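>>> Just the structure for this:
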Amino acid sequence: MKFPNLVLPCFARKEIHVIIYGEGLTEDGAPETVEDIDELECNWQAGASTVLTKEKKKVQISGKALFTGDICPDTNDISSGYVEVCGVRRNIAKGQKHYNPDGTVNYTELDVV
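Next up, the predicted model:
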């Protein structure tokens, strides 16, 4: 049975560069890069919120990138890395793979700050 795509490719038009880090470190102590995907297209949703601190208020920019299918099939968990979108580099705060009932990945979601 074929499951419908919840993130349709016709709505994923924003170009993005994705770097996903693994859990290990390189010999130099830097994070190990497991995926480096350039010219990938996603459905990009951006937002901002105001966070009140002791000193002053701070504006926190955040975003969500949705990809059709599995962007990193060799990695089970996406916990860190960064994306470059709209000329800005943002860190990955959370990554999720959303599965179909048959075990295949329907879409991948990255929350960035």
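
>>> Put the alpha carbons of the helix or strand of the chain with the lowest mean pLDDT into CSV.
Scoring the helices and strands of the chain by mean pLDDT, DSSP states H and E places strand 57-68 at the bottom, with a mean of 88. Taking C-alpha atoms only, strand 57-68 is exported to CSV below (Å, rounded to 0.1, in the frame of the first residue of the first chain):
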residue,chain,number,x,y,z
LYS,A,57,14.1,41.6,26.0
LYS,A,58,15.6,39.4,23.3
VAL,A,59,14.2,38.4,20.0
GLN,A,60,14.7,34.8,19.1
ILE,A,61,14.4,33.8,15.5
SER,A,62,13.3,30.2,14.8
GLY,A,63,12.2,28.1,11.9
LYS,A,64,11.0,24.8,10.7
ALA,A,65,12.2,22.9,7.6
LEU,A,66,10.0,20.1,6.3
PHE,A,67,11.4,17.6,3.7
THR,A,68,9.7,15.0,1.7
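
>>> I'd assumed Asn76 was in a strand, is it?
No - per DSSP: H, G, I helix; E, B strand; the rest coil, Asn76 lies outside any strand segment and is coil.

>>> In this structure, mark out all the strands, start to finish.
14-25, 31-52, 57-68, 80-85, 88-99, 105-112 (DSSP state E).

>>> what pairs with the fourth one, and is each one parallel or antiparallel?
Applying DSSP bridges, strand 80-85 is found paired with strand 14-25 (antiparallel), strand 88-99 (antiparallel).

>>> sorry, back to before: tell me what the least confident helix or strand of the chain is packed against?
Judged by 3 or more Cβ pairs under 8 Å, 6 or more residues apart in numbering; DSSP states H and E, strand 57-68 is in contact with strand 14-25, strand 31-52, strand 80-85, strand 88-99, strand 105-112. The way it works is simple: take the backbone N, C-alpha and C, and place the C-beta from them, glycine included.

>>> quick one: strands adjacent to that strand?
Partner strands and pairing direction for strand 57-68 (DSSP bridges) are strand 31-52 (antiparallel), strand 105-112 (antiparallel).
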